[in-house]
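[1] Requesting a structural model of the entry that follows:
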Amino acid sequence: MNKSNINGKWALVTGASRGIGRQVSLGLASHGCNIILHSRDTSHTVALAKELEAAGVQTRQIAADLGDAGQVGEMVAELLKGPNIDIVYNNAALMTPYRSDWLSVPGEDLRVSFEVNVTALIRICHAFIPGMVERGWGRLINVTSGIADQPELIAYAVSKAAVDKFVLDSVGKLEGTGVLMNLLDPGWLRTDLGGPNAPNSVESVLPGALVPALIDDGTSGKLFRAQDYAGTEL
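    Residues are numbered from 1 along each chain as shown. You can find the predicted model right below:
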């Protein structure tokens, strides 16, 4: 794989305080990338920021509830003040409760799922694409899911399908700009969202989750599956 040098670049990782977001932050930092750690409360990322800074990585912390359109707007406005963001890793997501009666999924499940998993993600991408295009380099990675045949979790499932559609419909506009947008399926992991019965540890998301951030061959609009790279070295 042709790898980009991301040493000294800045990445925004949403939902960085734990789980996949924490692993992605650690992985990007291991390549010398500086990290903006997003969470709902900066107290959740203090320990990770200290860990990264001890390794020589610059960090910033920012808080926003991605289900609150106003807070998303304020976060984006603050981040656009600088430093320039080269990598956006849209990891944060919300999963609504398992609805055993799959025909009685509350409308609120759909609303909050789309607000966090789709609307905020798209607004974040749209905010930082112009700067990436102007600088001729950027990576946008949007975390999707392999969930299927579970109508009890349909709010989450269709929101991830919408993320796929957003990426596939957008990449044509980025062709030739140096900005690549791809999808990552982390696999079913033992996280707060994946639950204790998942077959894969959260650590197994690396190194695969880094591939769409490091790739340098023009690939865009592709679904990367992190578990395809488990146990390998990039």
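[2] all strands for the protein, in order.
    Assigned by DSSP state E, the chain shows strands spanning 10-13, 34-39, 59-63, 87-90, 138-143, 179-185, 223-225.
[3] gap between the two ends of stretch 226-234?
    End-to-end distance of stretch 226-234: 12 Å, with C-alpha to C-alpha, to the nearest Å as the criterion.
[4] That stretch - what's its average pLDDT?
    Averaging pLDDT along stretch 226-234 gives 90.
[5] what does it contact?
    Outside of stretch 226-234, the residues within contact range by C-beta atoms under 8 Å, 6 or more residues apart in numbering are 1, 3, 184-187, 200, 204-211, 214. Backbone N, C-alpha and C define where each C-beta goes, glycine included.
[6] which among these end up buried?
    Those of the contacts of stretch 226-234 that meet the buried threshold are 184-187, 200, 204-211, 214, by 16 or more other C-beta atoms under 10 Å.
[7] Which two of the residues you listed have the greatest separation?
    Using C-beta to C-beta, these span at most 21.1 Å, a distance reached by Asn200 and Leu214.
[8] Lowest-confidence entry in the contacts of stretch 226-234?
    Comparing the contacts of stretch 226-234 by pLDDT, Met1 comes last, at 77.
[9] so who does it touch?
    The contact partners of Met1, by C-beta under 8 Å, 6+ apart, come to 211, 214-217, 234.
[10] again, only using 10 Å
    Contacts for Met1 (C-beta atoms under 10 Å, 6 or more residues apart in numbering) come out as 211, 214-217, 219, 229, 234.
[11] go on, Ala55?
    Taking C-beta under 10 Å, 6+ apart, one finds 26, 29-30, 32 in contact with Ala55.
[12] And for Ala69?
    Contacts were defined as C-beta under 10 Å, 6+ apart; by that measure Ala69 touches 115, 119-120, 123.
[13] how about the nearest residue to Glu175, chain neighbours excluded?
    Ser220 (7.2 Å; C-beta to C-beta, 6 or more residues apart in numbering).
[14] So the one you found sits against Pro212, correct?
    Yes - using C-beta atoms under 10 Å, Ser220 is in contact with Pro212, at 9.2 Å.
[15] Neighbour count: the two, which is higher?
    Of the pair Ser220 and Pro212, Pro212 is the one with more neighbours under other C-beta atoms under 10 Å, namely 24 against 21.
[16] now the more buried one: how far from Ala47?
    Noted for Pro212: a distance of 27 Å to Ala47, by C-beta to C-beta, to the nearest Å.
[17] Kindly report the same for Ser25.
    From Ser25 to Ala47 the distance is 12 Å (C-beta to C-beta).
[18] same deal with Ala226?
    Taken as C-beta to C-beta, the span from Ala226 to Ala47 is 24 Å.
[19] next one: Ala148
    Here Ala148 is placed at a distance of 35 Å from Ala47 (C-beta to C-beta).
[20] neighbours around the nearest residue in space to Met95 that is not next to it in sequence, how many?
    In this structure, Met95 finds its nearest non-sequential neighbour in Tyr156, 4.7 Å apart by C-beta to C-beta, 6+ apart. Using other C-beta under 10 Å, Tyr156 is surrounded by 23 other residues.
[21] what's the closest of the buried ones among the contacts of stretch 226-234 to Pro97?
    Checking these against Pro97 with C-beta to C-beta, the nearest one is Pro186 at 20.9 Å.
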